[in-house]
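Asker: quick check, what structure comes out for this input:
(one chain, ligands or ions: 1)
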Amino acid sequence: MRKSSVFLVGGARPNFMKVGPIFKALARAPKFKTTIVHTGQHYDRELSYVFFEELGLPSPGVRLEVGSGSHAVQTARIMERFEGALFSEQPDLVIVVGDVNSSLACALAATKVVYPSGARPKLAHVEAGLRSFDRSMPEEINRLLTDAIGDFLFTTEESANANLAREGVPEDKIFFVGNVMIDSLLGQLSRADSSKIRERLGVTDGRYALLTLHRPSNLETATLLALMRTMEEIASRIPVIFPAHPRTVARLREFGLDDRCVWVAPDEEISAGRAFYMLPPLGYLDFLNLMRNAAFVLTDSGGIQEETTILGVPCLTLRENTERPVTLSHGTNVLVGSDPQRIHRGVEAALTRRPGPTRTPPLWDGKAAERIVKVLGDIFS
Ligand code: UD1
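Answerer: From the prediction side, this is the model:
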């Protein structure tokens, strides 16, 4: 039997926990031969290779090593190098996940390439159809364009199916399969429970807040200053633990705001009193452990809104919109933007009220990757 060859693309931190379950499900299907492609959009160990180790993934078969750059430079560099890899390996199928620059760049290269035989690869997009309706977000542009050119669009929630239908995508391209990020979460929770991160930080269960912050709109001077002030105020009530993205750290240094936090080195022990603690980025298992046991989470990430929904941990999203509305209707998510009063009201509610009952969004059951591979298996049979 001729195996169908697959390029499975990851580039930035939030991609790798989506690539993990898809790779494993493809590996169980005898008809596919899969190569992981790492674009190198994220290259720091703690934003990238730590996830391969923790998720038990093999090293990428193709590394494009593009590094950082402006959006145009990064996208162009990925396209150029990915096209070279496509010509040399000639995969039958390219799978991209999520909405980072790597997803769009590889989708564009894949959809235009023609092999010397005249054949072209098919393109699948996992996590298709999500829309914030805010085109100032680079991710929204990446999502719209990737979906416009994909052959098979795998969706995580019903809003995505409706968005794609509204955009005129034919129904036979859309496959509602659930959420591969939740496959990873459910698969790794027991290992995450063994993490010693809380002992190391000296924090008590349910008595700390967890913060992540990296979106460009929140790193503009006035917004970042207001957010940092608000976090300091929150930290006077409950310890705030902040594993920071390298760009956020750079921005805080640039604005002279880095002295607002207590810096904690990777292996440093602290006894967390009420203070604002900044850490380097954490691995997946440590982060899941801290998230699962937090009083509440403050974030501008997309994936964390989904993870807190499943974990039942209150999530205050520091944005005005979400492309994941099922986390509002079924989960714990509340949009608080960057306005101090709204954030404080959210914190007050999280600290004083028991979270209401949450409902698991349809198909967020740990089997999304299996469903994707079943669909692909039927198509490539
Ligand atoms: C990217 C994604 C974003 C995702 C985030 C998760 C896009 C448009 N954005 O944003 O959706 O939520 O990843 O982290 O793709 N840098 C490092 N080390 C690295 C990589 C980057 O220090 O390993 C620094 C560099 O200064 C770089 C900056 O971070 O310029 C931004 O990196 P980039 O890949 O452009 O986007 P993110 O902000 O990480």
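
Asker: how's this protein carved up into domains?
Answerer: Domain ranges of the chain: 4-179+364-379, 196-352, per automatic domain parsing.

Asker: okay, the ones you listed in CSV with distance to residue 186, mean pLDDT and mean neighbour count next?
Answerer: Where C-beta positions appear, they are placed from N, C-alpha and C, glycine not excepted. Formatted as CSV, the domains of the chain follow (distance: least, Cβ to Cβ, whole Å; pLDDT from 0 to 100; neighbours: other Cβ atoms under 10 Å):
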stretch, distance to residue 186, mean pLDDT, mean neighbour count
domain 4-179+364-379, 4, 97, 20
domain 196-352, 8, 93, 19
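
Asker: is it possible to get TSV of those that adds distance to residue 190?
Answerer: Compiled in TSV, the domains of the chain are given as follows (distance: least, Cβ to Cβ, whole Å):
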stretch	distance to residue 190
domain 4-179+364-379	13
domain 196-352	10
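
Asker: closest one to residue 358 among those?
Answerer: Each of the domains of the chain was scored for nearness to residue 358 using Cβ to Cβ, and the closest is domain 196-352 (5.3 Å).

Asker: mind checking the end-to-end distance for that closest one?
Answerer: Distance between the boundary residues of domain 196-352 (Cα to Cα, to the nearest Å) amounts to 28 Å.

Asker: now stretch 239-247
Answerer: Start-to-end, stretch 239-247 (Cα to Cα) is 23 Å.

Asker: what about it, near the ligand?
Answerer: Yes: using Cβ under 6 Å from any ligand atom, stretch 239-247 reaches the ligand at 245, 246, 247.

Asker: centre of the chain to that stretch, how far?
Answerer: Stretch 239-247 sits 16 Å away from the centroid of its parent chain (Cα atoms, centre = their mean, to the nearest Å).

Asker: same question for stretch 309-325.
Answerer: Taking Cα atoms, centre = their mean, one finds stretch 309-325 lying 13 Å from the centre of the chain it belongs to.

Asker: close to the ligand: what parts of the chain are there?
Answerer: 12-14, 41-44, 47, 68, 100-101, 138-139, 214, 245-247, 301.

Asker: now do 8 Å
Answerer: The chain comes close to the ligand at residues 11-14, 41-44, 47-48, 67-69, 71, 74, 98-103, 138-139, 142, 214-216, 245-247, 250, 301-303, as judged by Cβ under 8 Å from any ligand atom.

Asker: filter those down to the ones in helices?
Answerer: Taking DSSP state H as the definition of helices, the residues of the chain next to the ligand contribute 13-14, 71, 74, 101-103, 138-139, 142, 246-247, 250, 303.
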